[in-house]
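[1] Any chance you could fold what I've pasted below:
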Amino acid sequence: MTFSIIISTYNRASFLPRAIESVLAQTYTDWELIIVDDGSTDNTKEVVLQYKDARIRYIYQQNAERSAARNNGINNATGDYVCFLDSDDSYRSDYLETVYGLILNCDKTVFVISGMSVHRNEKVVEVIPEDIGYNRFHYFFQKSVPPSVVCLSRSLLEIHSFDEGVVVSEDTKLWVEIMRENPIVLLNKTIGVDFYFHESNTINVKKRNVYAERKKTLQRILVEDVNGNINKRFATYVMDDCTFGIVRFYLYQSQKFKVIIIILKSIVFVPTHRLREKLGSLRNVLLKNTL
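    Okay, the predicted model is just below:
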C-alpha cells in the first residue's frame, strides 16, 4: 500500500460523503482510507458503511479529540506515506497522483505540502505554498499548514505523533517537531485540496477564542525549543498576530472591557510597536461598536 489517508471525524455525517467520494475519485488508486469516528452521536457510521470499497476502514473510538483520533488512524495505517483529510474538506482527483510523482525519486523521508482552494462565503481563494526560506522552523511556526494539505513518510509518524493535550495548532506543534530532525520538505505548487469554511468549523474565530489557544500552543513550542531554532524576536512578531486575533474575538463577542484591558497592557508591556499600532487602529471600531 502506497498511501494511507486518515479522516478523523466527529458529528460530520453531512460533510463526509464529499470527502470520501473525493478519495474514491483519485486517479492514483493504491491507497487505503481510514476513517476514525471520534465518538459521533449522529449517523456517521451508517454514512461510512454505505461505501462498500474494501480499501475503506471504519474505526470507532470514544470522544478524545482530533489529535487522539489521528494518532489512532496512524497506528492502524499500513501505507508508506500518510495523508490527512479533514472530514469537511476534499481532494482534487489528481492529488495522490501528483504527490506520488513528487516522491517517486526521493529516497529519504518526505514531507509534502500541497496548495489549496479556500471556499468561504461563495468566494474561492487559491493558496499556493510559499518558499520556505532560510529558516524552516520560522515557516512552520508562523504559517497555518493544515493536515489536509500534508503528506509525509509513515516512518516519521512512528517517531512523532500529535500531542493529545493540544486542541488548537496541534498540527503546527507536530510539524515543528518533525523539522528538528528532518529537513526534507517538498512543496507542490498545484492545487490539490479544497478547504471549506462553514459555521461549525472548529477554527471559527467568531465563536471560539482560537487565537488564545493557538498562542498557548506556540508558547509550548518555544519552551521546547531548547536549541534556539526559533528567533525570539520573530516569535514575538507571530505572538502579536495571536493577540490581535484574541482582541477581534472579544469584539465579535461585544466584550469591550476585555479589549480595552488588552490594549492597555500592550501599551505598557508589549515591546513591539507593531502590535500597538494594530491595536490602536481598533479605536474607531470600539467607538462604533462594529468590526
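
[2] For the protein, give me the ranges with low pLDDT.
    Counting by pLDDT under 70, the ranges of the chain that qualify are 205, 266-291.

[3] for it, what's the longest helix?
    Ranked by number of residues, the top helix in the chain under DSSP state H is helix 232-252.

[4] elements contacting that helix?
    On a contact count with 3 or more C-beta pairs under 8 Å, 6 or more residues apart in numbering; DSSP states H and E, helix 232-252 meets helix 136-142, helix 210-224, helix 256-269, helix 273-280. C-beta coordinates here come from the backbone N, C-alpha and C atoms, glycine included.

[5] what's the closest of those helices to Asn63?
    Closest to Asn63 of the helices and strands packed on helix 232-252, according to C-beta to C-beta: helix 210-224, at 18.0 Å.

[6] Any buried residues in that closest one, and which?
    Within helix 210-224, the residues scored as buried using 16 or more other C-beta atoms under 10 Å are 210-211, 213-215, 217-218, 221-222.

[7] So which residues make contact with it?
    By C-beta atoms under 8 Å, 6 or more residues apart in numbering, the residues outside helix 210-224 that reach it are 141, 166-170, 172-173, 176-177, 203-205, 230, 232, 235, 238-239, 241-246, 248-249.

[8] Need the buried ones from the residues you listed selected in PyMOL.
    The following PyMOL selection, which keeps only the buried ones among those, applies the criterion 16+ other C-beta under 10 Å:
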select buried, resi 141+166+167+168+169+170+172+173+176+177+230+235+238+239+241+242+243+244+245+246+248+249
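
[9] Export the helices and strands packed on helix 232-252 to a markdown table and append columns for distance to Val150.
    Listed next are these as a markdown table, based on distance: least, C-beta to C-beta, whole Å:
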| stretch | distance to Val150 |
| --- | --- |
| helix 136-142 | 11 |
| helix 210-224 | 17 |
| helix 256-269 | 33 |
| helix 273-280 | 30 |
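
[10] contacting residues for the residue nearest the centre of the chain?
    By C-alpha atoms, centre = their mean, the chain has its centre lying nearest to Pro146, at 2.5 Å. Applying C-beta under 8 Å, 6+ apart to Pro146 gives the contacts 86, 116, 171, 195.

[11] And the strands in the stretch 51-200 of the chain?
    Residue ranges of the strands in the stretch 51-200 of the chain, as given by DSSP state E, counting those that start in this stretch, are 56-61, 81-84, 90-91, 111-120, 123-127, 150-153, 186-196.

[12] Turn the ones you listed into TSV, columns for mean neighbour count and distance to Tyr134.
    Converted to TSV, those look like this (neighbours: other C-beta atoms under 10 Å; distance: least, C-beta to C-beta, whole Å):
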stretch	mean neighbour count	distance to Tyr134
strand 56-61	16	41
strand 81-84	24	27
strand 90-91	24	31
strand 111-120	19	17
strand 123-127	11	22
strand 150-153	24	22
strand 186-196	18	15
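
[13] so which of these gets nearest Arg18?
    Ranking these by distance to Arg18, with C-beta to C-beta as the measure, places strand 90-91 first at 5.1 Å.

[14] Contacts for that closest one, please.
    Counting contacts by C-beta under 8 Å, 6+ apart, the residues outside strand 90-91 that touch it are 18-19, 21-23, 25-26, 85, 192-194, 196.

[15] Can you list the strands that it pairs with?
    Counting by DSSP bridges, the strands paired with strand 90-91 are strand 186-196 (antiparallel).

[16] Out of the contacts of Pro146, which comes closest to Thr41?
    Nearest to Thr41 among these, counting by C-beta to C-beta, is Asp86 at 19.0 Å.
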